[in-house]
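Enquirer: Have a look; sequence and predicted model below, questions after that.
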Amino acid sequence: AIAAAAWSILRGRPAVGVDNAWRQCSGEGRVGGPVRDLHVHFLVMTIDDLPHADIWKAFFAGAPAGSYSAWVHCTHPEKCKENFAKSGLTAFTIVPTVFSEWC
């Protein structure tokens, strides 16, 4: 539900509110009650910035505290740090990049 809501928001056609995506995923209101200890991990790969920062901030603002981890792999980590700080994307933790190449 969360991923579907995120994609619909990024396409400019929110299917459900961001807050509702978290509630749907947790099962709030379902028979038997909500799912406890829900924790979703997000991993994003980028070069040096994350497009649609305002949408991502709104998306994570609707999440209950401790319900997610957001990770990012950056080709240029120092630029990511600068750009994320400027745009206020504090939810993301930059994952150290390991050198790799095609054979």
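Expert: Now that the structure is in, tell me what you want to look at.
Enquirer: Wait, a strand at Thr93?
Expert: Yes: Thr93 sits within a strand when classified using DSSP: H, G, I helix; E, B strand; the rest coil.
Enquirer: give the contact list for the nearest residue to Val40 once chain neighbours are set aside.
Expert: Nearest-residue entry for Val40: Tyr68, 4.7 Å, with adjacent residues in sequence omitted and distances by Cβ to Cβ, 6 or more residues apart in numbering. The C-beta positions use only the backbone N, C-alpha and C, and glycine is treated the same way. Contact analysis of Tyr68 by Cβ atoms under 8 Å, 6 or more residues apart in numbering lists His39, Val40, His41, Phe42, Phe60, Ala91.
Enquirer: mind listing what the last one touches?
Expert: Read it as Ala91. With Cβ under 8 Å, 6+ apart as the criterion, the residues that contact Ala91 are Trp56, Lys57, Phe60, Tyr68, Ala70.
Enquirer: returning to that earlier point: just the buried ones out of the contacts of Tyr68, please.
Expert: Restricting the contacts of Tyr68 to buried positions leaves Phe42, Phe60, Ala91, with burial counted as 16 or more other Cβ atoms under 10 Å.
Enquirer: mind listing the strands for this protein?
Expert: Listed in chain order, the strands of the chain (DSSP state E) span residues 40-46, 68-74, 92-95.
Enquirer: related to what we said a few turns ago, could you identify the most distant pair in the contacts of Ala91?
Expert: Taking every pair in those and measuring Cβ to Cβ, the maximum separation is 13.2 Å, between Lys57 and Tyr68.
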